[in-house]
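Q: coords please:
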Amino acid sequence: MKYLFRLTVLLAAIASLSLGQIVQSDHYVVNAGLSKSLSAANPTAVAFSRDGSMVAAIDKSGALDLFNVTSGASAGTTAAHSGGKAALTFSPDGSYIASWGSDQKVIVWDAKSLSQVKMEATSGGKPGCLAFSGDETKLACGGEDGTIRVFGVTSGTQTASYKAHGGAVVAMAFEPSGDTVVSVGKDRKMTTGDASSGQILNQKFLPIKVHFDNKPEDEFDRIASAACTPDGSMFAIGGYSDYRQLGGMTVRFEFISLYDGSGRHLVTIGDKTAVNLSDDLSISPDGKLVCSGASGGRLRIWDVEHNQLCGQVTGQNGIKMTAAAKTGNNYYFAVACATPNIVALTASDPVKILPTEQDKGVSNGLSIEFASPSEFAPIVSHPKLEINAIVTGLDGKPSYSIDIAGHSTDEGSVEVSDNKDLVVVPAPSDAGAAGPPIAIKLGNGSVRLSQDLTLYEGPNRIKVTVHDGSKQVTAVKTVCYIPGDDLDKAKIYSTSHAIVIGINKYTGKNSKNIPALSAAVADATDVAKVLKDQYGFQDVQTLTDADATHDKIEKAFHALADAGTVKPNDRVVIFWSGHGQTVTTSDGGQVGFLLPSDAQVDFSNLDNARPYLDTCVAMTELSQLAREIPAKHVLILVDACFSGLAARTGSANPTGVFQLVHKAYFDAKEIITASSGSETAKEANGHGYFTKALLEAFQDPAADENKDGYLEADELYHYLLPKVQQANSSQSPQMARFSLGIGETLFFK
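A: Sure, this is the predicted structure:
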């Protein structure tokens with residue numbers, strides 16, 4: 001009833017915008033209170049500022065119109081072009097707007113005053129795509145003739161021109177290094193070009209394939225539209241193919257496929273019968289939502305993470321272009337059509353978001369946010385990276401330090417300059433090195449910090465810290481450098497650690513009524529053997545019976561949180577087989593505990609939490625431990641009664657849509673338990689039901705569902721659940737995440 005009321009209110013509120021049908025998804029809701037009508041006259045181009053506060057449009061007369069996103073009110077207008085098709089983009093910090101009209105003029109505007117900063121050049125061909133570099137010194141123009149031209153933003157000097165595609169350029173962005181432009185053309189190629197020399201560095205034919213019932217793995221060769229995230233880390237491509245069926249009837253199959261900036265296919269979203277795209281695509285800055293517009297006036301918004309249609313509006317007659325932005329928990333999509341609108345979505349369950357990294361930090365009025373790389377899963381195919389961070393709330397002269405993959409620069413003051421054309425000094429060639437930082441003044445108390453880095457192969461956790469007097473703020477981002485398409489198994493993990501615990505006998509001095517177990521030690525012994533012998537774990541600590549005391553277990557756990565021992569590229573597995581118990585608290589709630597061998601509790605007295613708190617391991621401690629371990633992948637396996645309570649502080653595993661390369665290198669903090677929070681876990685024939693199924697999964701090729709040679713944690717859970725329930729119908733394994741990472745713990749030989 002709650003959701004019905006909510007949806008009814010939304011339908012009524014949004015009707016005034018003629019937005020038509022709304023699809024309520026599990027994770028997002030169309031927010032009529034944030035949706036706005038724009039007063040532009042039939043615009044052909046729209047673009048958001050990076051912070052989502054402003055939207056610009058080129059109307060049918062060629063005027064450049066600026067609107068406030070929150071109110072939809074006009075924020076200024078100026079004559080820009082002669083009309084017709086146009087292209088628009090904002091610079092990363094929102095200080096500039098670039099426009100390209102059918103009059104062949106490419107103009108840079110001051111975003112506040114709408115005064116002309118520079119007319120870049122005239123360019124052959126109809127307007128296509130525009131993109132600023134992260135440091136805002138370069139502007140790339142990709143036209144329908146397939147040529148990309150690069151200019152200096154304030155100088156207007158052309159620095160490069162190269163034929164990137166055999167057809168129109170449909171999506172384009174500067175990579176985070178600022179040195180290269182990655183683009184997609186209607187020729188189905190992804191091209192990376194040097195922004196200074198115009199040399200083509202890499203070109204890849206995109207493997208666009210969609211599986212259909214009657215024509216498996218059909219390959220599509222027509223691109224209708226494309227869009228990319230601001231830093232070029234994710235591309236959304238909409239395509240179609242006319243397939244002639246029996247009887248001479250032609251059916252058009254349509255699709256939207258996502259790729260990373262290296263041309264690696266991520267996922268194909270939508271239903272072939274419902275995509276209905278032809279005119280334009282846009283993708284949210286974090287890559288989580290894709291908007292598709294069709295000539296019939298239907299706008300569809302797709303949830304990439306869960307492969308679900310999450311918003312649909314009709315009545316958008318004459319769609320020519322869409323644009324996307326994100327502000328806080330809200331997503332905005334601007335539609336250039338006969339009656340232009342801003343359509344807004346809100347993530348409906350933000351409580352479940354459990355980030356392990358914070359690419360935006362706020363402290364005592366001081367804030368820092370990455371301008372590039374800005375996406376949630378950036379993978380780059382080159383080792384050079386230019387980071388840009390926007391710092392606001394400064395009172396004095398900032399000091400600054402950067403840490404990349406555990407290698408820190410010395411903290412020092414940076415001189416703030418008003419010169420936006422400063423040339424960034426190239427980073428040293430050795431991995432982990434950083435060039436000198438440059439700070440550009442954006443306004444009172446606001447600067448953009450830029451610095452060149454040389455990445456390590458694999459994941460690079462970049463931490464930027466800024467001091468301003470007594471104030472300090474930090475932002476963290478992981479960027480992965482993968483030079484090729486294939487995973488190198490030797491580089492996925494540096495070191496693999498495991499703590500394996502099994503307890504049959506409980507010998508605590510004051511313990512009472514704790515029954516002995518018969519299979520827990522065998523569980524631990526066999527799991528430890530498989531991890532070492534089959535999966536090559538180098539550091540396996542086994543604690544059983546007399547060695548599995550509270551102090552020894554806590555000491556082993558704390559050692560995993562030592563950044564000097566466990567590194568960011570490591571893998572950690574914790575396995576526990578033994579007794580678990582719930583205790584009733586004074587407010588009537590239930591708290592779960594795992595019992596070390598020296599637990600001093602009365603198993604028959606479950607109303608006194610004190611001895612459990614003193615001598616046992618609280619299940620909530622496991623979630624905290626997982627977050628504190630610096631390894632990128634942590635998997636906790638618990639074969640104990642009521643162990644599902646340990647998963648309650650996590651979130652449900654999201655649907656995995658990313659490729660193996662993303663799963664291998666990005667964060668995963670996960671737990672799989674033998675039972676729910678209210679169920680007991682059984683043992684028989686020498687093993688716990690859960691552990692028996694676990695050991696079978698490690699040996700059974702069928703556990704690897706997609707047959708790619710890697711047993712992923714979610715595949716492991718999918719194998720365990722039916723196996724355990726078949727052995728004991730009253731036992732339901734649970735899986736949860738303690739982070740929002742898109743990675744998965746992997747097992748491979």
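
Q: what sits against the residue lying closest to Gln538 once chain neighbours are set aside?
A: Nearest residue to Gln538, sequence neighbours excluded (C-beta to C-beta, 6 or more residues apart in numbering): Thr495, at 5.5 Å. Placement of C-beta: from N, CA and C, glycine included. Listed by C-beta atoms under 8 Å, 6 or more residues apart in numbering, the contact set of Thr495 reads Gln538, Asp539, Val566, Lys567, Asp570, Arg571.

Q: closest to Ala227 out of the residues you listed?
A: Among the contacts of Thr495, Arg571 lies closest to Ala227 (C-beta to C-beta), at 35.2 Å.

Q: after the helix or strand of the chain with the lowest mean pLDDT comes which helix or strand?
A: Counting by mean pLDDT, DSSP states H and E, the chain has its least confident helix or strand at helix 2-14, which shows a mean of 30. Per DSSP states H and E, helix 2-14 leads on to strand 28-30 as the next helix or strand towards the C-terminus.

Q: related to what we said a few turns ago, most neighbours of all the contacts of Thr495, which one?
A: Counting neighbours by other C-beta atoms under 10 Å, the top entry in the contacts of Thr495 is Arg571, with 23 neighbours.

Q: give the contact list for it.
A: Tyr493, Thr495, Ser496, His497, Ala631, Lys632, His633, Val634, Leu635, Thr745, Leu746.

Q: now, which of those residues sits nearest Thr70?
A: The closest of the contacts of Arg571 to Thr70 turns out to be Lys632 (C-beta to C-beta; 38.0 Å).

Q: for that closest one, give me the pLDDT.
A: With respect to pLDDT, Lys632 has a value of 90.

Q: which one among the contacts of Arg571 gets closest to Ser730?
A: Among the contacts of Arg571, Leu635 lies closest to Ser730 (C-beta to C-beta), at 25.0 Å.

Q: so that closest one is in contact with Ile672, correct?
A: Yes. If you go by C-beta atoms under 8 Å, Leu635 and Ile672 touch, sitting 7.3 Å apart.

Q: anything in contact with each of these two?
A: Shared contacts of Leu635 and Ile672, counting by C-beta under 8 Å, 6+ apart, come down to Ala713.

Q: these two - which one has more neighbours?
A: Ile672 (26 against 23).

Q: measure the residue nearest to Gln538 to Phe593 for me?
A: For Thr495, the distance to Phe593 equals 30 Å [C-beta to C-beta, to the nearest Å].

Q: with Ala475 instead?
A: Relative to Phe593, and taking C-beta to C-beta, Ala475 is found at 37 Å.

Q: mind checking which of these two has more residues around it?
A: Using other C-beta under 10 Å, the more surrounded residue of Ala475 and Phe593 is Phe593, with 27 against 23.

Q: what sits against the nearest residue to that one once chain neighbours are set aside?
A: Spatial nearest neighbour of Phe593, chain neighbours left out: Cys616 (4.0 Å); criterion: C-beta to C-beta, 6+ apart. By C-beta under 8 Å, 6+ apart, Cys616 lies in contact with His550, Gln581, Phe593, Leu594, Leu595, Pro596, Ala599, Val601.

Q: residues contacting the fifth one?
A: Think Leu595. Ile503, Tyr506, Ile514, Gly578, His579, Gly580, Gln581, Val601, Cys616, Val617.

Q: quick one: which of the residues you listed sit in strands?
A: Counted as lying in strands by DSSP state E, out of the contacts of Leu595, are Gly580, Gln581, Val617.

Q: and those residues, which is closest to Thr327?
A: In terms of C-beta to C-beta, no member of the ones in strands among the contacts of Leu595 lies closer to Thr327 than Val617, at 41.5 Å.

Q: any idea how far that closest one lies from Ile514?
A: Using C-beta to C-beta, Val617 is found at 15 Å from Ile514.

Q: with Ala546 instead?
A: Distance from Ala546 to Ile514, counting by C-beta to C-beta: 15 Å.
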